[in-house]
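I would like the atomic coordinates for the input below:
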Amino acid sequence: MAELGVVMIAAYSPQARGRSERMFETLQGRLCAELSEQGIVEMEEANRFLRDKFVPDFNGRFMVAPAEEGSAFVPLLGVGTDDILCLKHRRVVGNDNCFRYRGMSLQIPPVEDRYHFVRAKVMVHEYPEGGMAVYHGKRRVGVYDREGSLILGAEEIGRAAALG
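Modelled structure (predicted):
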């Protein structure tokens, strides 16, 4: 949430907790009874019933009109969600300038202003499509494919960023 700039507003008041607890109790108690009453036992039937009947009826009974028109959502600007919505694992670079990740030994490529990364803490970002990137602080120093082969080193990353 912090990386996306989202601030959580906790509802610690007894009134707020009571409202959410009542909603969950209503959903759990009413939905089971409705499914049983309709004789629904299969997942596909239950999903169809939820979509076509239960949710529209439930919203019609309990929905409250907003106090103000418009959306409360704020657009996310200037943030790369790929590097937020990925798996992140901290690693320590070994004496051979390599770090271990998922049974692979990945070498950090040469960087213009740093001789080595021995004993440095790096963060591995594993993306949903299988690729990986390694970061030292906020600086991306290598991009790898799912087999661990280097795709881009720090110098290529720097040139690509400079080109836009």
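
And the pLDDT for the most centrally placed residue in the chain?
Closest to where the C-alpha atoms of the chain average out (C-alpha atoms, centre = their mean) is L85, at 3.5 Å. In this model, L85 is scored at 89, pLDDT.

How about the secondary structure of it?
coil (DSSP: H, G, I helix; E, B strand; the rest coil).

same thing with V141?
strand.

just S20 next, same as before
helix.

thinking again about what came up before, quick one, what contacts the residue nearest to the centre of the chain?
P128 (C-beta atoms under 8 Å, 6 or more residues apart in numbering). Using the backbone N, CA and C atoms, a C-beta is placed for each residue, glycine as well.

And A120, by the same measure?
92-93, 136.

With neighbour count added, can I get these in CSV?
Below are the contacts of A120 laid out as CSV (neighbours: other C-beta atoms under 10 Å):
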residue, neighbour count
V92, 12
V93, 21
H136, 18
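
Please tabulate the residues you listed in a markdown table, including the columns pLDDT.
Output for the contacts of A120, formatted as a markdown table (pLDDT from 0 to 100):
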| residue | pLDDT |
| --- | --- |
| V92 | 97 |
| V93 | 97 |
| H136 | 94 |
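
Tell me which residue of this structure is furthest from the middle?
Max distance from the centre of the chain (C-alpha atoms, centre = their mean): E37, 38.0 Å.

Now that residue. Its backbone dihedrals?
phi -60, psi -40 (degrees, to the nearest 10).

Tell me the predicted confidence for it.
Here the pLDDT value assigned to E37 is 92.

now swap in A160 and tell me
A160 is given a pLDDT of 55.

can you pull out the strands in this protein?
87-92, 98-101, 104-107, 121-126, 132-136, 139-144, 150-153 (DSSP state E).
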